[in-house]
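S.K.: show me how the following folds:
(one chain, ligands or ions: 1)
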Amino acid sequence: MEQKTIVITGASDGVGAAAARELAGRGAQVVLVGRSPQKTTALAEELGAPHHLADFASLAQVRRLAAELDAAYPRIDVLANNAGGIMGSKRKVTEDGNELTFQVNHLAGFLLTTLLMDKLIASRACVIQTSSVAARLAGRVELDNLQLEHGYSAQSAYGASKLENILFTRELHRRFHDQGISAAAFHPGVVGTNFALDTDSPMRFFYAAGFLRRLFTITPDRGADQLVWLADGTPGTTWQSGGYYEKRKPGHTAAQADDAETARRLWDASARLVGPA
Ligand SMILES: NC(=O)c1ccc[n+]([C@@H]2O[C@H](COP(=O)([O-])OP(=O)(O)OC[C@H]3O[C@@H](n4cnc5c(N)ncnc54)[C@H](OP(=O)(O)O)[C@@H]3O)[C@@H](O)[C@H]2O)c1
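M.R.: Numbers count the residues shown, from 1 in each chain. Below you'll find the predicted structure:
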């Protein structure tokens, strides 16, 4: 089989870095996308892999990243939209005017994917979203409140963004599967990473090194298994396009994830917010 080119965002740490190590070890050409120059270059040197930098709090940086990826790689077989996290208890707005969680976790991946769409179609690519069980536990997408101007909390913003990852997956499948795109979203498990550590979210106590982390979290290698399984698998055979997965099986998520009208309207609203491709 030909070597796959696999682009992973959020590859500088945690689940993304563990997946990058495993997939590079299996012989894929892994392309690392990170925010921190130090962490990203260190992993690139370790793996002998190319790397790119972008802060998803800036859509200009996402546009520049898409142009770099488009110019550097003749094909992209897998795009893993994995970068993200939970933000602080105070609502923040990016330079683009979007609520920070919504932009970093959903809009940036949406923009990157749509900017690369011609190449992804030509490559018959898989587009994978790192979602979360939080989509079911705390997710509610209100199309008239995407920016969480009303009722913001770190948890509600995070849950909504992770549900948006699944709605985006469903709509990508609906719009582009017949052109060769396959899409999937997944929950990696509760993984002992840097998740929440630089925020004031109460969730940081679970992730900080110590008793709770040992008791309640799995290792990044185990968390990455789901991403690796999708990236290295065969859509239509090992997994089905449009699906949401946990532990290598279709997972149970929020009822709203099956609302096709919300998925369609979220796509249209996201396209309006990022402007012309
Ligand atoms: N850990 C869990 O229990 C868990 C559970 C469910 C879902 N998830 C999801 O898994 C994904 C990976 O998280 P993780 O647990 O591996 O956490 P992590 O160790 O904190 O890694 C997060 C990754 O995302 C990147 N990132 C964060 N903010 C960014 C921004 N503004 N622009 C560009 N990149 C940014 C980070 O880049 P730098 O390090 O270079 O700054 C890092 O590579 C996230 O989407 C998260 O929501 C995690």
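S.K.: now the closest residue to the ligand within the chain. Nearest residue, chain neighbours left out?
M.R.: Nearest to the ligand in the chain, going by CB to the nearest ligand atom, is Gly14, at a distance of 2.1 Å. The way it works is simple: take the backbone N, C-alpha and C, and place the C-beta from them, glycine included. Spatially, and ignoring its direct neighbours in sequence, Gly14 is nearest to Thr193 (3.3 Å; CB to CB, 6 or more residues apart in numbering).
S.K.: check contacts around that neighbour.
M.R.: 13-15, 207, 220, 223 (CB atoms under 8 Å, 6 or more residues apart in numbering).
S.K.: with Arg136 instead?
M.R.: Contacts of Arg136 (CB under 8 Å, 6+ apart): 252-254.
S.K.: picking up where we left off before, now the residue of the chain closest to the ligand: how far from Gly85?
M.R.: Gly14 sits 9 Å away from Gly85, going by CB to CB, to the nearest Å.
S.K.: and for those two, which residues touch both?
M.R.: Counting by CB under 8 Å, 6+ apart, the shared contacts of Gly14 and Gly85 are 194-195.
S.K.: looking at these two, which is more packed in?
M.R.: More neighbours surround Gly14 than the other of Gly14 and Gly85, with 23 against 20 (other CB atoms under 10 Å).
S.K.: tell me which stretches of this structure form strands.
M.R.: 5-9, 29-34, 51-53, 78-81, 126-130, 182-187, 243-246, 249-250 (DSSP state E).
S.K.: so can I have a markdown table of those showing mean pLDDT, distance to Phe168 and mean neighbour count?
M.R.: Shown next, in a markdown table, are the strands of the chain (pLDDT from 0 to 100; distance: least, CB to CB, whole Å; neighbours: other CB atoms under 10 Å):
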| stretch | mean pLDDT | distance to Phe168 | mean neighbour count |
| --- | --- | --- | --- |
| strand 5-9 | 98 | 14 | 27 |
| strand 29-34 | 98 | 18 | 25 |
| strand 51-53 | 98 | 21 | 19 |
| strand 78-81 | 98 | 8 | 28 |
| strand 126-130 | 98 | 6 | 27 |
| strand 182-187 | 98 | 8 | 27 |
| strand 243-246 | 98 | 11 | 21 |
| strand 249-250 | 98 | 17 | 11 |
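S.K.: okay, those in a markdown table with distance to the ligand next?
M.R.: Listed next are those as a markdown table, based on distance: least, CB to the nearest ligand atom, whole Å:
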| stretch | distance to the ligand |
| --- | --- |
| strand 5-9 | 6 |
| strand 29-34 | 4 |
| strand 51-53 | 8 |
| strand 78-81 | 8 |
| strand 126-130 | 4 |
| strand 182-187 | 6 |
| strand 243-246 | 10 |
| strand 249-250 | 16 |
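S.K.: in TSV: these, plus distance to Arg272.
M.R.: Shown next, in TSV, are the strands of the chain (distance: least, CB to CB, whole Å):
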stretch	distance to Arg272
strand 5-9	23
strand 29-34	25
strand 51-53	27
strand 78-81	20
strand 126-130	20
strand 182-187	21
strand 243-246	25
strand 249-250	31
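S.K.: tally of neighbours for His173?
M.R.: 21.
S.K.: does it touch Ser182 like I think?
M.R.: Yes. The pair His173 / Ser182 is scored as a contact, 7.3 Å apart, by CB atoms under 8 Å.
S.K.: list the residues that contact both of the two?
M.R.: Looking at what touches both His173 and Ser182 (by CB under 8 Å, 6+ apart), the common residues are Ser241.
S.K.: excluding chain neighbours, what is closest to Lys241?
M.R.: Small correction: residue 241 is Ser, not Lys. Here the residue nearest Ser241, using CB to CB, 6+ apart, is Ser182, at 3.8 Å.
S.K.: same deal with Gly151?
M.R.: Gly151 sits nearest to Asn145 (CB to CB, 6+ apart), 7.3 Å away.
S.K.: the one you found touches Ala157, doesn't it?
M.R.: No. Applying CB under 8 Å as the test, Asn145 and Ala157 come out as separate, 10.7 Å apart.
S.K.: between the two, who's got more neighbours?
M.R.: Ala157 (24 against 14).
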